[in-house]
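Engineer: What shape does this take:
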Amino acid sequence: MFFFVLTFLCLFGGINFYAFFRARSIFHFSGFPQIIIIIVLILLICAPILVRVAESYHQEFPARAIAYIGYIWMAFVFLFFFFNVTFEIIVSLYKLIGSGTGSLPLRNFAFGAAIFLALIFVVYGFFDAQIVRVKKLEVHTGQLLPNDGKIRIVQISDVHVGLIIRNRRLQVILDQVKEAKPDILVSTGDLLDGELDNVIPQAQHFVSITPKYGKYAILGNHEYYAGLKRSMEFTKTAGFDLLRDDIRQIAGLSIFGADDITGRRLGVSKDNLLFEKMLAQQGNGFVLLLKHQPFVTDGENFNLQLSGHTHGGQIFPFMLITRLFFPRNQGYYQLGVNKSVYITSGAGTWGPPVRIFAPPEITIIDLIGK
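Structural biologist: You can find the predicted model right below:
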């Protein structure tokens, strides 16, 4: 975690100071204004840390204010960097193959265009992140199922209940879940985020959702970052049956809930050989596997795996980066006969409350059997 934070701060800091030096080359500010700008930039770079510090002291209002300002700036400066570098490359190519004159006005125009586009995209992404879509999927099986042979599973993932996703924004997500009328509700990890003393009451929003065959949840990586004990408390208070390498037999289904690999990487949990052995066996019923990160492991015999984690990239062009780590990044993938995986883009946001070309969603899976 330390190296992740250090790497992130170096990357984020480098992008911020790239923007600073690029702006200074145009506006030529110096002296006191320059000092003020540098101080503000350092505070913005450290905003994620300041948010956690404020949360740990239960200063909810300052933490939320810093989160909105810092994270929206994060989205803006990343987009500015992407657009400006793209335009700089175009200008350089023009200089090579063109007349080679007038490059300075072009670079200044590229700077202004990058700011304008970054601003437009951030505003669009901020409002689009609050419009939760409903994705519908039908999965057919030859298995016998109750309920006239049709089970409706609703999947939520990566809600990240915390400083930003709470109250009204959380209720928008849950209203879509209620409207879907699930027989089974599953949460495939990262249900919450942040300092849990301030968000435990948000678990009550989930209590009124009572599907016929229950609610099941697994842990994501952020539950470990936020604190395992209280993450489990939040999930159970919300009314979920928490599966940590556990199996439930319900409604003709075998639900396998895999614990996130973050627990093993941190040394908090160990490999569950019995769980792995049972998942490797050929079962007679329909096997539903809940796994937060969309890794598909050889030897696992499931019919449908539900995952999340990637957010579909959340902010363009980050989906190009997430695809390097997760080739199956978002959507439905047929792996073989009666074997598939669905990876949702998630319902909430992490970091910037912004989504660009990766809208939030809940997923309705209608399982059609005999």
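Engineer: Okay, strands next: where are they in this structure?
Structural biologist: With DSSP state E, the ranges of strands along the chain come out as 133-140, 150-156, 184-188, 215-218, 241-242, 246-250, 253-257, 286-290, 304-307, 331-336, 339-343, 361-368.
Engineer: Switch those strands over to a markdown table; also include mean neighbour count and distance to F17.
Structural biologist: Where C-beta positions appear, they are placed from N, C-alpha and C, glycine not excepted. Output for the strands of the chain, formatted as a markdown table (neighbours: other C-beta atoms under 10 Å; distance: least, C-beta to C-beta, whole Å):
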| stretch | mean neighbour count | distance to F17 |
| --- | --- | --- |
| strand 133-140 | 14 | 37 |
| strand 150-156 | 23 | 38 |
| strand 184-188 | 27 | 38 |
| strand 215-218 | 26 | 40 |
| strand 241-242 | 19 | 43 |
| strand 246-250 | 15 | 48 |
| strand 253-257 | 24 | 44 |
| strand 286-290 | 24 | 42 |
| strand 304-307 | 26 | 36 |
| strand 331-336 | 12 | 37 |
| strand 339-343 | 20 | 35 |
| strand 361-368 | 21 | 36 |
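Engineer: Make JSON lines out of those and add mean pLDDT and distance to F76.
Structural biologist: Listed next are the strands of the chain as JSON lines, based on pLDDT from 0 to 100; distance: least, C-beta to C-beta, whole Å:
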{"stretch": "strand 133-140", "mean pLDDT": "96", "distance to F76": "24"}
{"stretch": "strand 150-156", "mean pLDDT": "97", "distance to F76": "28"}
{"stretch": "strand 184-188", "mean pLDDT": "98", "distance to F76": "30"}
{"stretch": "strand 215-218", "mean pLDDT": "98", "distance to F76": "34"}
{"stretch": "strand 241-242", "mean pLDDT": "97", "distance to F76": "37"}
{"stretch": "strand 246-250", "mean pLDDT": "94", "distance to F76": "42"}
{"stretch": "strand 253-257", "mean pLDDT": "95", "distance to F76": "38"}
{"stretch": "strand 286-290", "mean pLDDT": "96", "distance to F76": "35"}
{"stretch": "strand 304-307", "mean pLDDT": "97", "distance to F76": "30"}
{"stretch": "strand 331-336", "mean pLDDT": "94", "distance to F76": "28"}
{"stretch": "strand 339-343", "mean pLDDT": "96", "distance to F76": "28"}
{"stretch": "strand 361-368", "mean pLDDT": "97", "distance to F76": "24"}
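Engineer: Distance-wise, check A358 relative to F295.
Structural biologist: From A358 across to F295, the span is 20 Å (C-beta to C-beta, to the nearest Å).
Engineer: Compare these two and say which is more crowded by neighbours.
Structural biologist: When neighbours are counted by other C-beta atoms under 10 Å, A358 comes out ahead of the other of A358 and F295, with 25 against 15.
Engineer: Make sure the more buried one is actually in contact with P317.
Structural biologist: No. Taking contact to mean C-beta atoms under 8 Å, the distance of 10.5 Å between A358 and P317 leaves them out of contact.
Engineer: which one of the strands of the chain lies closest to E88?
Structural biologist: When the strands of the chain are compared for distance to E88 using C-beta to C-beta, the nearest one is strand 331-336, at 33.2 Å.
Engineer: what lines up beside that closest one in the sheet?
Structural biologist: Using DSSP bridges, the neighbouring strands of strand 331-336 in the sheet come out as strand 339-343 (antiparallel).
Engineer: Determine how far the partner strand lies from the middle of the whole chain.
Structural biologist: Taking the mean C-alpha point of strand 339-343 and that of its whole chain, the gap between them comes to 18 Å (C-alpha atoms, centre = their mean, to the nearest Å).
Engineer: how many degrees apart are it and strand 184-188 in direction?
Structural biologist: Computed by axes from the mean of the first three to the mean of the last three C-alpha atoms, to 10 degrees, the angle separating strand 339-343 from strand 184-188 equals 70 degrees.
Engineer: what comes into contact with strand 339-343?
Structural biologist: Applying C-beta atoms under 8 Å, 6 or more residues apart in numbering, the external contacts of strand 339-343 come out as 137, 139, 155, 294, 296, 302-310, 326, 328-335, 363, 365.
Engineer: Could you do stretch 4-24 as well?
Structural biologist: Among residues not part of stretch 4-24, those counted as contacts by C-beta under 8 Å, 6+ apart are 29-30, 34, 37-38, 41, 44-46, 48-49, 74, 77-78, 80-81, 84, 111.
Engineer: quick one on the thing from earlier: Y94: which of the strands of the chain is closest?
Structural biologist: Closest to Y94 of the strands of the chain is strand 331-336 (C-beta to C-beta; 37.5 Å).
Engineer: quick one: the closest one to chain centroid distance?
Structural biologist: 20 Å.
Engineer: Show me where the stretch 1-150 of the chain dips below the pLDDT cut-off.
Structural biologist: 1-2, 98-103 (pLDDT under 70).
Engineer: any chance you could map the helices in it?
Structural biologist: Under the criterion DSSP state H, counting those that start in this stretch, the stretch 1-150 of the chain carries helices at the ranges 2-27, 31-45, 47-56, 60-97, 103-128, 146-149.
Engineer: TSV please, covering those helices and showing mean neighbour count and distance to G285.
Structural biologist: Supplementary listing: the helices of the stretch 1-150 of the chain in TSV, determined by neighbours: other C-beta under 10 Å; distance: least, C-beta to C-beta, whole Å:
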stretch	mean neighbour count	distance to G285
helix 2-27	13	40
helix 31-45	13	52
helix 47-56	18	43
helix 60-97	18	44
helix 103-128	16	39
helix 146-149	12	12
